[in-house]
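J.: pasted the sequence and its predicted model underneath.
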Amino acid sequence: MNRRHLRWIVPAATVVIASVVAVVLVTQVGGSAACAAGGSASYYTAGRNGMCNLGTPADGAYAAVGRAEYAGGKGCGTLLDVTGPNGTTRVQVVDLCPGCPTGKIDLGKGSFAKIGALSAGIIPVTYTTVRDPQVGPLRVKVKGGKGYSSLSVVVDNHGNPLSTVELQQGDSFVALRHGEDNTWTGPSGLNGPVTLRISDVYGHQALVSGLALGQSDFQQTTQPLYGGPSPSPSPSPSPAPSLSLSASAEPAVSLVPAELGTTAPPVKC
């Protein structure tokens, strides 16, 4: 992973104050989220794609989170409302910060500047995830799948954490495997456009058809994951795939879901 951090010399008193900000995690039903009562943020410049392979917004509205909150890629694509000394900004999780403990995040420079002084280097923050944010129709990148090349899928604009991505084969669906790089992988030897069934942890589901194989860029669809027409009836869901990493290696997602259709204020656990 190519991540170029911008590190700054910070006064010792500032570091001490930031380091004592309490971080409390409260596990939610289903293990899909937890709450961060307080934490800290620094800023950095992400690589072209970030660990999540989603790319990085030009306005710097992105974030990298620690391993517990990254959760083997489950945190990818979710949106955070981050509140600092000077206000609140919304960012998309696109990257892993390997050295960040739970409650510590790295922000894109543009977003950091909206809520704190760049000269501070690190600031105290609170942050929550946004449930069902308005993100528009799904974007899907589909590589491989032909010949001996395994199918490789990346989904964007899903807003909420995804639970499964499945490939339609005849009258059934095959669950793809989710990797730490946020890529869903599946079988090879496919022909023509493919259909995917995409589901999130809150039960929203979209059936996306006509996806061309071997495209290097995201394909823009007209199908949102939620807030639009319900997908056509489809076969019973297939069993969820096992993560490529063990459960002990990557905990459940520990980002905070807000109430349906709203943005939650910073949570006080």
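T.: Yep, that arrived.

J.: rest of the way, CA atoms for contacts and neighbours
T.: Will do.

J.: you'd agree Val153 is in a strand?
T.: Yes - counting by DSSP: H, G, I helix; E, B strand; the rest coil, Val153 is found in a strand.

J.: got a list of what it touches?
T.: 140-143, 183-185 (C-alpha atoms under 8 Å, 6 or more residues apart in numbering).

J.: between these, which is nearest Thr126?
T.: Distance to Thr126, by C-alpha to C-alpha, is smallest for Thr183 among the contacts of Val153, at 28.9 Å.

J.: how far away is the closest residue to the closest one other than its chain neighbours from Leu80?
T.: In space, not counting the residues next to it along the chain, Thr183 is nearest to Val154; the distance is 5.2 Å by C-alpha to C-alpha, 6 or more residues apart in numbering. Distance of Val154 to Leu80, given as C-alpha to C-alpha, to the nearest Å: 20 Å.

J.: in contact with the residue positioned nearest the centre of the chain, which residues?
T.: Relative to the mean C-alpha position of the chain, the nearest C-alpha, by C-alpha atoms, centre = their mean, is the one of Cys76, at 1.7 Å. Shown in contact with Cys76 (C-alpha under 8 Å, 6+ apart): 52, 70, 92-95, 161, 182.

J.: contact partners for the residue nearest to Thr183?
T.: 53-54, 140-142, 182-184.

J.: redo that, cut-off 7 Å
T.: When contacts are counted by C-alpha atoms under 7 Å, 6 or more residues apart in numbering, Val154 touches 140-142, 182-184.

J.: and of the residues you listed, the nearest to Ser111?
T.: Minimum separation from Ser111 among the contacts of Val154 (C-alpha to C-alpha) is found for Asn182, which lies at 23.0 Å.

J.: can you pull the pLDDT of the closest one?
T.: At Asn182, the pLDDT value in this model is 98.

J.: again, but for Asn191
T.: You'll see Asn191 listed with a pLDDT of 89.

J.: what values do phi and psi take at it?
T.: phi -130, psi 140 (degrees, to the nearest 10).

J.: swap in the one 4 residues further on?
T.: Taking degrees, to the nearest 10, you get phi -120, psi 130 for the backbone angles of Thr195.

J.: ok, it touching Ala212?
T.: No - if you go by C-alpha atoms under 7 Å, Thr195 and Ala212 don't touch, sitting 9.3 Å apart.

J.: ok, back up a step: and the contacts of Val154, which is closest to Pro85?
T.: Asn182 (31.9 Å).

J.: least confident secondary structure element in this structure?
T.: helix 12-19 (a mean of 37; mean pLDDT, DSSP states H and E).

J.: can you count the residues close to Ala64?
T.: Close neighbours of Ala64, defined as other C-alpha atoms under 10 Å, add up to 32.
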